[in-house]
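>>> have a look; sequence and predicted model below, questions after that.
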Amino acid sequence: MSDTVIRKTPKELHEQRARLIASTGLSEEVLRERGEAFQLYPEHQAVWDTVHGIDYLLDGAEPPESEPHTADRLRGDLLHALEFAQCANLDYKNLGYATPEQMLDAYDTAHATEQTVDDRQTLAAALSGLETLIVTSSRDWGTYRVDAWIWAVLVGWDCEEDQHNASCSHEALEEVAAVHGWTDDTVAKARRYRTAVRRLTAEAEAEGDR
């Protein structure tokens with residue numbers, strides 16, 4: 001056994017032992033049963049032999065109390081498992097990755113993107129719900145300045161129909177702006193915010209239909 005392993009603390013040895021077993025994708029019980037029956041693949045046998053060596057060094061020392069599985073710790077354990085798989089001749093190049101770290105980075109990016117999509121859809125649903133609540137309310141949303149601004153952003157004072165008719169109002173926002181003393185910049189901001197809300201809800205609906 002190398003000096004590097006011997007110099008490790010019991011806590012470090014227990015952690016290394018757990019990572020090695022996890023890298024096989026098998027439980028310790030299954031690993032032990034297959035090892036005793038000489039049914040392990042060579043790479044798993046190497047792990048089991050190393051685990052036996054660690055157990056010899058620990059000499060019955062109790063494992064430390066479990067620590068919280070933080071994202072960094074879980075990522076480190078997964079990287080360790082991937083590196084072991086690389087030693088077992090898993091060709092990452094066939095999967096499009098040069099190293100286990102690169103593979104994990106790709107996973108992190110994909111996971112963050114999926115989370116962003118989920119958050120956007122959740123926000124869009126919340127905004128749509130607020131719009132429905134507002135338009136079905138008996139409240140006069142043009143009377144007070146704050147209410148008028150909420151309507152401008154979440155519902156929109158402008159006509160947003162694809163096809164217009166005589167009932168469409170094309171100057172409602174300007175009329176509301178005049179009542180509440182909004183500047184041209186404020187009107188432009190309201191339209192910009194409303195456009196962003198419409199785009200978000202439309203994209204979320206389109207993604208939900210796929």
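Everything's here; your move.
>>> tell me where the model's unsure across this protein.
1-7, 60-104, 107, 110-117, 161-170, 204, 206-210 (pLDDT under 70).
>>> recalculate using a threshold of 80.
For the chain, the stretches flagged by pLDDT under 80 are 1-13, 25, 56-120, 160-170, 203-210.
>>> using the three-state scheme, assign residue 39.
coil (DSSP: H, G, I helix; E, B strand; the rest coil).
>>> for it, what are phi and psi?
Backbone dihedrals for residue 39, given as degrees, to the nearest 10, come out at phi -120, psi 20.
>>> I'd like to know how many residues surround it.
Neighbour count of residue 39, defined by other C-beta atoms under 10 Å: 10. Quick note: C-beta positions are derived from backbone N, CA and C, even for glycine.
>>> residue contacts, it?
Under the criterion of C-beta atoms under 8 Å, 6 or more residues apart in numbering, residue 39 has no neighbours.
>>> and if you look at residue 31?
Counted by C-beta under 8 Å, 6+ apart, residue 31 has contacts 21, 24, 40, 44, 47-48, 51.
>>> tell me which element it falls in.
Following DSSP states H and E, one finds residue 31 within helix 28-36.
>>> where's residue 186 relative to residue 145, distance?
11 Å (C-beta to C-beta, to the nearest Å).
>>> neighbours of residue 38, how many?
Around residue 38 there are 7 residues (other C-beta under 10 Å).
>>> out of the contacts of residue 31, which end up buried?
21, 24, 40, 44, 47-48, 51 (16 or more other C-beta atoms under 10 Å).
>>> identify the farthest-apart pair in those residues.
For the buried ones among the contacts of residue 31, the maximum inter-member distance is 12.3 Å, found between 21 and 40 (C-beta to C-beta).
>>> check contacts around residue 142.
Counted by C-beta under 8 Å, 6+ apart, residue 142 has contacts 148, 151, 176, 179.
>>> please report how far residue 46 lies from residue 56.
Separation of residue 46 from residue 56 (C-beta to C-beta) stands at 16 Å.
>>> just want to know which of those two has more residues nearby.
Applying other C-beta under 10 Å to residue 46 and residue 56 shows that residue 46 carries more neighbours, namely 16 against 9.
>>> check which helix or strand covers that one.
With DSSP H and E as the criterion, the answer for residue 46 is helix 42-58.
>>> quick one, that helix and helix 28-36 angle?
With axes from the mean of the first three to the mean of the last three C-alpha atoms, to 10 degrees applied, the angle from helix 42-58 to helix 28-36 works out at 110 degrees.
>>> which strands and helices sit next to helix 42-58?
In terms of contacts (3 or more C-beta pairs under 8 Å, 6 or more residues apart in numbering; DSSP states H and E), helix 42-58 is packed against helix 3-6, helix 10-24, helix 28-36, helix 71-87.
>>> using CSV, write down the CA coordinates of that helix.
The C-alpha trace of helix 42-58 is given here as CSV (Å, rounded to 0.1, in the frame of the first residue of the first chain):
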residue,chain,number,x,y,z
PRO,A,42,-11.7,-7.0,-13.2
GLU,A,43,-12.3,-3.3,-12.6
HIS,A,44,-14.8,-4.0,-9.8
GLN,A,45,-12.4,-6.6,-8.3
ALA,A,46,-9.7,-3.9,-8.2
VAL,A,47,-12.1,-1.7,-6.2
TRP,A,48,-13.0,-4.5,-3.9
ASP,A,49,-9.3,-5.3,-3.2
THR,A,50,-8.7,-1.7,-2.5
VAL,A,51,-11.7,-1.6,-0.1
HIS,A,52,-10.2,-4.6,1.7
GLY,A,53,-6.9,-2.7,2.0
ILE,A,54,-8.7,0.3,3.5
ASP,A,55,-10.5,-1.9,5.9
TYR,A,56,-7.2,-3.3,7.1
LEU,A,57,-5.9,0.2,7.7
LEU,A,58,-9.0,1.3,9.5
